[in-house]
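Novice: build me a model from this:
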Amino acid sequence: MEDVMRLANSGVVWIIATLVLTVVIFQAIKFIMLAAGASKEIGMSRGEVHSALKTGAIAAIGPSFAIIIVAISLIPLLGDPLTLMRIGIIGSAPIESVGATLGAEAYGTELGSSGFNYQAFTTVVWTLCLGGVGWLVFTALATKSMSRVEKKVTNKSEKSKKTMTIITTAAMVAAFGNLASAEMIKGFAYVLVVITSSLTMILFTSLANKHQLNWLREWSLGFSIIAGLFVGYFAL
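Specialist: Residues are numbered from 1 along each chain as shown. As a prediction, this is how the structure comes out:
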């Protein structure tokens, strides 16, 4: 296991991880620049753009805690650069941890065990990389065509535009509802956390809309996450 960790933390792996993270950081900056440029076309003010960026940054704080915890647990098993590269690209802590476990089991061993050798480590790396390539390729190839389809549908009529709004909203509700329901079936404590977070979000959003408090609207998700963590700490 010590020999595997020396390989996992070698200079070559660090160089690859650094290059990958550099690309990811460049993409993030480029996306922000493109979004800021497109905001003028749809009539957004500079203040609204800054507010949107601030809201996105705040919303990213909560999910990052879970990723950090998983990253810390994976570092002793997979090394610093590979963990940093995978979490930096995908950012999905459950998928990365499950993928690493499945890769080790496919080779016939377990993460951190005495049988976790070079070949097992290589199997884990291939499992993680191939497991995440699907949505990356789909995003690269299908984003433009999906955008054209969306424009064709919304430009037909006002009814089509409303229908598209309903569909996209329903998709978001379904996605987050699926994630929440998967946790709620684990027990009453999990149900309590979801209910607390939901009610907190509704409360702060309503107050923000009623009193025109933009700062409260931006921080509403952060407050709901803190409320959920607080209740979860004592309930679990």
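Novice: switch to C-alpha atoms for all contacts and neighbour counts from now on
Specialist: Fine.
Novice: flag every buried residue along the host helix or strand of residue 183.
Specialist: Here residue 183 sits within helix 158-184, counting by DSSP states H and E. For helix 158-184, burial by neighbour count (16 or more other CA atoms under 10 Å) applies to 161, 164, 180, 183-184.
Novice: give me the below-cutoff pLDDT ranges for the chain.
Specialist: Counting by pLDDT under 70, the chain shows low-confidence ranges at 1-4, 7-8, 62-63, 65-66, 69-70, 88-94, 218.
Novice: picking that back up, from the buried residues of helix 158-184, which is closest to residue 112?
Specialist: Nearest to residue 112 out of those is residue 183 (CA to CA; 27.4 Å).
Novice: related to what we said a few turns ago, I'd like the buried residues of helix 158-184 laid out as TSV, including distance to residue 80.
Specialist: Output for the buried residues of helix 158-184, formatted as TSV (distance: CA to CA, whole Å):
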residue	distance to residue 80
161	47
164	43
180	31
183	29
184	33
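Novice: please enumerate the strands of this protein.
Specialist: With DSSP state E as the criterion, the chain has no strands.
Novice: so which of the buried residues of helix 158-184 comes closest to residue 201?
Specialist: residue 180 (14.4 Å).
Novice: so what's that closest one up against?
Specialist: By CA atoms under 8 Å, 6 or more residues apart in numbering, the residues touching residue 180 are residue 194.
Novice: what about it, distance to residue 109?
Specialist: 32 Å (CA to CA, to the nearest Å).
Novice: same thing with residue 73?
Specialist: 18 Å.
Novice: by contact count, what packs against the helix ranked longest in the chain?
Specialist: Longest helix in the chain, counting residues (DSSP state H): helix 118-156. Applying 3 or more CA pairs under 8 Å, 6 or more residues apart in numbering; DSSP states H and E, we find helix 118-156 packed against helix 93-107, helix 158-184.
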